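>>> Sharing a model prediction with you, sequence too.
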Amino acid sequence: MGDYTESFRRSLEDPAGFWADAAEGIAWDTRWDKVLDDSDAPYYRWFTGGRLNTAYNCLDRHVDGGRADQLALIWDSPVTGQLQKYTYRELRDAVARFAGVLQARGVGHGDRVIVYMPMIPEAAIAMLACARLGAVHSVVFGGFAGHELAKRFNDAKPKAMVTASCGIEPGRTVEYKPLYEHALKEAQHVPDTVIVKQRDTHRCALESGRDLDWDAAMADAAPADCVTVAATDPLYILYTSGTTGAPKGIVRDNGGHAVALNWTMKAVYNLDPGDVWWTASDVGWVVGHSYIVYGPLLHGNTTVMFEGKPVGTPDAGAFWRVIRDHGVVSLFTAPTAFRAIRQQDPDGQRIGDYAIPQFRTLFLAGERCDPDTLYWAQNKLDVPVIDHWWQTETGWAIAANPMGIEPFPVKAGSPTAPMPGWNVRVIDSEGREMPRGEIGSIVCKLPLPPGSLPTLWQARERYHQAYLEAFPGCYRTGDAGYFDEDGYLFVMGRTDDVINVAGHRLSTGAVEEVLAEHPDVAECAVVGVRDDLKGQLPVGLVVLAAGVDRPHAEIQKECVQRVRDEIGPVAAFRHVAVVSRLPKTRSGKILRATMRKMADGEQIEVPPTIDDPAILDEVRQSLQDLGFKI
């Protein structure tokens, strides 16, 4: 694909030409009038006047183009012991039939559909069926609290909801009906129709006149054709937490999204059509949208959908078993998954139980990848381990190692370089560019490339305030970091995670790197806590590797000394607690802001995306044991 420097230069100097070339990889019903429409700057749009259908590009064009019998989707579910495989033809037919089910219930172009599902094939089928009709899907985690689901009903105003009778976690079944009934009672706007996929593990009662059984509806459904939509029409809404408590509906358009994701599958991930690709995430997250469903299917890959965990389904060898069984060539997951595997299997012995000669690359994102985790994965797997950085808002990588353009040497702790289309700058509070090596706010100069958010759902002013207002002409990422002398970008955490210790700016990510290098530490988090004397102090929480039975006091003392030796006394690091687990979201993001507020004695609202609220009690007790008055 040429060299990186030339691709990057052209993408910034001639964005219309660069992305017009990339758009040739997509089937269009009508060619665009303008590649980059700047008539309403800073609210840029891509491929205005163009028309297409995303589901057609994901499925029908591959069926017609010779991939009808290639596997499109493999569903592997260790929590149920089930395995299902769909060819491109079979998946196209299932999507067309379910689009017919929705169409028969009055769902059409522009209507919204809530998808409240576990990690089952029907979730992807529902998403693609909405895209086929030109309807706008909004995926909400199955098992999400009823109160939070009600907020999404009120904002999206869906015509229908697609759900299941339950989700299945290791050791427990989560019944969905009580949760969504709570939402239906609380919300001011409720969907007309609820379509329920009944699972064998638990079946729920259906409400007459409102609820529809998925299997019964599919049995006699007439398939629906693809509906052509404008490139600028919304494909989906994905809600992310807002600082006001009201969720922010990230909008993704059809045209720019299809062009960008199809392009990334080769440029970023170095995949060829037909390769088997696995993203170990959830369709409730942007990673699941982009790289379980849309990206691989747009590109003609086989995508693996996994209903399980990195450990516990049944053990720390689960990932290697899936890679072996399905011939996966590349895996994309969160660093936290590898920290969990390492915690259970520190020596990586389970990897040797599975022959995976075809496996060639591991991609990590979703949480900053500490160097120790990267080195561990690299040494145990003997393949390149590629960290990359992006956000729900951006839809794909802002910075990565462009494996399909020109791979760079890996630098631990860095997602490498800005990808073509992303004009990344590191600036101070006045908008001045920071010298190399100095931490500042990371921003991206407008226009953002295709596939990134054009706006928020029904909230253009809020979009401006959240992302464009702070630094005019730029998108505010909310992350802090720096460029090194070689031009590698280092993302050190959210802007709030750069703390001020007696006037010295300190990245909590830098302290985490030191703690993670301790041989007994499997995982850690550092937060800045208010201090009357120094302004803020770093506080560490560490999770120990399985089998470590040394006194905690010894390990805590060693951790403090390591930080003193590596960063210096200026860090004023002397508070560290050992905990059994860290509080995280279901995607594996550590809830640093929640812990910081807790340590500062502020009232906290338990985040709706938290994986296990009970762990907050242990963290609270650990902070109290360190002397914080909570």
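Nice, thanks for sending it over.

>>> low-scoring pLDDT stretches of the stretch 401-550 of the chain, where are they?
Along the stretch 401-550 of the chain, the model assigns pLDDT under 70 to residues 496-497, 502-505.

>>> Strands of that one, residue ranges please.
Taking DSSP state E, counting those that start in this stretch, the strands of the stretch 401-550 of the chain run over residues 417-418, 423-427, 440-445, 474-483, 489-494, 498-501, 504-507, 521-531, 535-544.

>>> Of all those, which one is nearest Ala222?
Among the strands of the stretch 401-550 of the chain, the nearest to Ala222 by C-beta to C-beta is strand 474-483 (43.8 Å). All C-beta atoms are positioned from the backbone trio N, CA, C, and that covers glycine.

>>> could I get the strands of the stretch 401-550 of the chain as TSV with mean neighbour count?
TSV is the format used below for these (neighbours: other C-beta atoms under 10 Å):
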stretch	mean neighbour count
strand 417-418	23
strand 423-427	19
strand 440-445	22
strand 474-483	22
strand 489-494	21
strand 498-501	19
strand 504-507	18
strand 521-531	24
strand 535-544	22
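
>>> export those to CSV and tack on distance to Ala260?
Shown next, in CSV, are the strands of the stretch 401-550 of the chain (distance: least, C-beta to C-beta, whole Å):
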stretch, distance to Ala260
strand 417-418, 14
strand 423-427, 15
strand 440-445, 14
strand 474-483, 15
strand 489-494, 19
strand 498-501, 30
strand 504-507, 30
strand 521-531, 32
strand 535-544, 36
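
>>> Out of the ones you listed, flag the one nearest Pro42.
Closest approach to Pro42 among the strands of the stretch 401-550 of the chain (C-beta to C-beta): strand 474-483, 9.0 Å.

>>> who does the closest one touch, helix- and strand-wise?
strand 423-427, strand 440-445, strand 489-494 (3 or more C-beta pairs under 8 Å, 6 or more residues apart in numbering; DSSP states H and E).

>>> Can you say which of those is nearest to Asn57?
The minimum distance between Asn57 and the helices and strands packed on strand 474-483 falls on strand 440-445, with 26.5 Å, by C-beta to C-beta.

>>> got the angle between the closest one and strand 489-494?
110 degrees (axes from the mean of the first three to the mean of the last three C-alpha atoms, to 10 degrees).

>>> Partner strands of strand 440-445 and their direction?
strand 423-427 (antiparallel), strand 474-483 (antiparallel) (DSSP bridges).

>>> outside of that strand, which residues touch it?
Defining contact as C-beta atoms under 8 Å, 6 or more residues apart in numbering, one finds that strand 440-445 is touched by 398, 422-429, 434, 471, 473-477, 479-482, 489, 491, 495.

>>> count of residues packed around the residue nearest to Ala280 when sequence neighbours are not counted?
Distance criterion C-beta to C-beta, 6 or more residues apart in numbering; nearest residue to Ala280, sequence neighbours excluded, is Thr333 at 4.0 Å. Counted with other C-beta atoms under 10 Å, residues neighbouring Thr333 total 22.

>>> Is it correct that Thr333 is in contact with Gly308?
No: using C-beta atoms under 8 Å, Thr333 is not in contact with Gly308; the gap is 12.0 Å.
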